[in-house]
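Peer 1: Here is a sequence together with a model predicted from it:
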Amino acid sequence: MFDETDMLRRGLEYMKKKEYEQALGMFDSAIKVNPQYIEAFYSRGNAYEALGRFEQAIESYNEVLKFAPKEAAPYFNTACVYRKKGENEKAIAEFSKAVELKPDYGKAFFNRGLVKFSIGQIDNAVEDYAKAIEFSPKDPDPLVARGLIYFLKKDYEHAMEDYNKAIEVSPNHYRAHGNRGNVLEAMGRNEDAVAEYTQVIKLFPNDYKAFMNRGLVYFKLNYYELSLADYNRAIELNPRYAKSYSNRGMVYVHLKKYHSAISDFDEAIRLAPNDLDVYISRSHAKVASGDQIGALEDFTVILKSYPDNIKIWANRAAIYAKLGNSQEAISDYSQVINRSTDPNNKEIIQAYCARGALLTKDSQIDEAIADYEKTLEIEPNNLIAHFNLGILLRVQGKFRPAIQHLTKVIELNPQNVAAYQNRAVTYGMIGNKEKAEADLSKAKELGGIATA
């Protein structure tokens, strides 16, 4: 005849085999035999939790408190259930009860830190991780978790310290190695990052993200064939991960295998249709392959979903400009300017300059001048705006202001041959032959190659 300990043992065996319903039957039987059997209540809670029957799990953990009101573990287990349910504040409250009863409960501090991190309480999470490290010095996970926060704060020195300590505690901790690789990559130590990701692959040969990470570093190092091999392996291991295809597509672009790149971007979009960057990458690949119309179609599709994305308007404008459709390009650059919420945005400056150039080609000189003047309001030392203003003002017969702008170009770039040449022409038009000859002499000295 079985007693309650035999029933518990059999239940635990069912748990190992993930036969949770059978396990519940054993735990219930054990509790009937011994209504104060704490281990059975814990185990029954674990079985309910594994089945996703969270409320019953909480009830079972709470039963323990009737017999052991000073026990911290029931609060810890209940907190873990609340965390799975996404009820973060309740989870924090239960973890707090656990550490009140057991102030050196490192695991509870660690898990409370994880919840706080997930809801953006970063500094509070760091405090909890520090407690976990203090009370559980042989557990590498709190070190890895705190290292991640340091990494996100770009405090790479402290992040490295935590990952190094985690690896001292657990030499084969793959997340510690992987995260240390991320830090090394962020620090620009790409060769060291490759070594770290390689270590992760040795420990876990089927970790597709490790191949992804190493492939990206190889890409940064211009080792395109090695990068391609890693992305191929990542896709073999997980053919459903969109980022592998988009990253491999970028490798193909650099190898000038544009059709292969477009094919990968197509697959990435199929798997992750809301990834804006992939549409942009595919559009650029289409431009490189000569498919300007296809690129326009991509940008037009994106704008239907992201009408306020000024980068997309700017990209489409650039293609219209290449196709010679200046009116559409001007219209799109106007969208960039009108939709921007940041007047100092780089795209705004580029849009004013680009629109100014298009307006100049369409002989809309006053409008072009206005665009270049607006550029200089935002960026007073913009060389292109000063140079083009100098030319346009000379066309309008405004020679003195034209000379001022061309002089500014020379101050910003004393090697600018075109500025000397054009200022020489302008000086000549006002009869100042001496200065005109001096500028021409300087342009000749610099090589006489006109560049804007």
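Peer 2: Alright, I've got the coordinates. Numbering: from 1, shown residues only.
Peer 1: only C-alpha atoms for contact and neighbour calcs from this point on.
Peer 2: OK.
Peer 1: Give me the secondary structure label for residue 120.
Peer 2: The three-state assignment at residue 120 reads coil, by DSSP: H, G, I helix; E, B strand; the rest coil.
Peer 1: Show the backbone phi and psi for residue 94.
Peer 2: phi -70, psi -40 (degrees, to the nearest 10).
Peer 1: and what of residue 309?
Peer 2: phi -80, psi 100.
Peer 1: got the contact list for it?
Peer 2: residue 303 (Cα atoms under 8 Å, 6 or more residues apart in numbering).
Peer 1: Go again with 10 Å.
Peer 2: Contacts for residue 309 were tallied using Cα atoms under 10 Å, 6 or more residues apart in numbering; they are 276, 302, 303, 335, 336, 339, 340.
Peer 1: Just the buried residues out of those, in ChimeraX syntax.
Peer 2: Here is the ChimeraX command that selects the buried residues among the contacts of residue 309 (16 or more other Cα atoms under 10 Å):
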select :276,302,303,335,336,340
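Peer 1: Using CSV, lay out the contacts of residue 309 together with distance to residue 265 and pLDDT.
Peer 2: Written out in CSV, the entries for the contacts of residue 309 read as follows (distance: Cα to Cα, whole Å; pLDDT from 0 to 100):
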residue, distance to residue 265, pLDDT
276, 11, 85
302, 14, 87
303, 18, 91
335, 27, 96
336, 26, 95
339, 28, 93
340, 28, 88
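Peer 1: Can you flag which of the contacts of residue 309 belong to helices?
Peer 2: In this view, the contacts of residue 309 that belong to helices under DSSP state H are 276, 302, 303, 335, 336, 339.
Peer 1: can you pull the buried residues of the biggest helix by length in the chain?
Peer 2: Assignment by DSSP H gives helix 346-361 as the longest helix of the chain. Within helix 346-361, the residues scored as buried using 16+ other Cα under 10 Å are 347-360.
Peer 1: Pass me the low-pLDDT residue ranges in the chain, would you?
Peer 2: Within the chain, the ranges that satisfy pLDDT under 70 run 1-2, 448-452.
Peer 1: tell me the domain boundaries of it?
Peer 2: 307-366, 381-452 (automatic domain parsing).
Peer 1: export those domains to CSV and tack on distance to residue 244?
Peer 2: Shown next, in CSV, are the domains of the chain (distance: least, Cα to Cα, whole Å):
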stretch, distance to residue 244
domain 307-366, 23
domain 381-452, 39
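Peer 1: Could you tell me the end-to-end distance of stretch 427-437?
Peer 2: 9 Å (Cα to Cα, to the nearest Å).
Peer 1: can you list contacts of that stretch?
Peer 2: Counting by Cα under 10 Å, 6+ apart, residues outside stretch 427-437 touching it are 394, 397, 399-400, 402-403, 420-426, 439, 441-443.
Peer 1: tally of neighbours for residue 83?
Peer 2: 19 (other Cα atoms under 10 Å).
Peer 1: ditto for residue 120
Peer 2: Counted with other Cα under 10 Å, residue 120 comes out at 10.
Peer 1: what does residue 267 give?
Peer 2: Number of residues near residue 267 (other Cα under 10 Å) recorded here: 21.
Peer 1: How about residue 419?
Peer 2: By other Cα under 10 Å, neighbour count at residue 419 equals 29.
Peer 1: Check the gap between the nearest residue to it once chain neighbours are set aside and residue 375 for me.
Peer 2: Using Cα to Cα, 6 or more residues apart in numbering and skipping residues adjacent in sequence, the residue nearest residue 419 is residue 406, 5.7 Å away. To residue 375, residue 406 is 16 Å away according to Cα to Cα.
Peer 1: Great, nothing more from me.
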